[in-house]
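*Asks:* Need coordinates for the following:
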Amino acid sequence: MCLAVPAKVVEVHDVMGKVDISGVERDISLMLLPETQVGDYVLVHAGFAIQKVTEEEVAETNALLAEMNGAERTVTSIPDEAGGMQL
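*Replies:* Numbering: from 1, shown residues only. Below is the predicted model:
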């Protein structure tokens, strides 16, 4: 199984960037998303930004990851366009 994590772009230098992932900064490649700008949210997999996402999608993903680690359930459904179902 592959997992991409949401991150906020804090620096852009040509095809490389720096992102904040839950308070930890990482250098990543923006080669697949050259239009990425500081302040954008992206999904990061294996050191590459692979998709832009909204701030709302980031919040939902982070809530689901927290639930997987034992936090109380806060997400009650996932939108149909995300391929979700009622939980």
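*Asks:* Only C-alpha atoms from now on, for both contacts and neighbour counts.
*Replies:* Noted.
*Asks:* would you list every one of the strands in this structure?
*Replies:* 5-13, 16-21, 24-29, 41-45, 48-53 (DSSP state E).
*Asks:* Looking at those, which is nearest to residue 64?
*Replies:* Residue 64 lies closest to strand 5-13 among the strands of the chain, at 11.5 Å (Cα to Cα).
*Asks:* Now the closest one: buried residues?
*Replies:* By neighbour count, with 16 or more other Cα atoms under 10 Å as the criterion, the buried positions of strand 5-13 are 5-12.
*Asks:* can you list contacts of that strand?
*Replies:* Contacts to strand 5-13, defined as Cα atoms under 8 Å, 6 or more residues apart in numbering, come from residues 17-22, 36-45, 53, 58, 61-62.
*Asks:* And stretch 54-70, by the same measure?
*Replies:* Applying Cα under 8 Å, 6+ apart, the external contacts of stretch 54-70 come out as 6-7, 41, 73-75.
*Asks:* Could you list the buried residues of it?
*Replies:* For stretch 54-70, the neighbour count (16+ other Cα under 10 Å) marks 58, 60, 63-64 as buried.
*Asks:* Would you tell me which one of the strands of the chain is buried the most?
*Replies:* strand 41-45 (a mean of 21; mean count of other Cα atoms under 10 Å).
*Asks:* where does this structure have low pLDDT?
*Replies:* For the chain, applying pLDDT under 70 flags the ranges 1, 71, 75-87.
*Asks:* hmm, 80 instead?
*Replies:* 1-2, 69-87 (pLDDT under 80).
*Asks:* Serialize the strands of the chain to JSON lines and add fields for distance to residue 68.
*Replies:* Putting these into JSON lines (distance: least, Cα to Cα, whole Å) gives the following:
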{"stretch": "strand 5-13", "distance to residue 68": "14"}
{"stretch": "strand 16-21", "distance to residue 68": "17"}
{"stretch": "strand 24-29", "distance to residue 68": "20"}
{"stretch": "strand 41-45", "distance to residue 68": "18"}
{"stretch": "strand 48-53", "distance to residue 68": "21"}
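*Asks:* ok, now which ones touch residue 21?
*Replies:* Going by Cα under 8 Å, 6+ apart, residue 21 touches 5-8.
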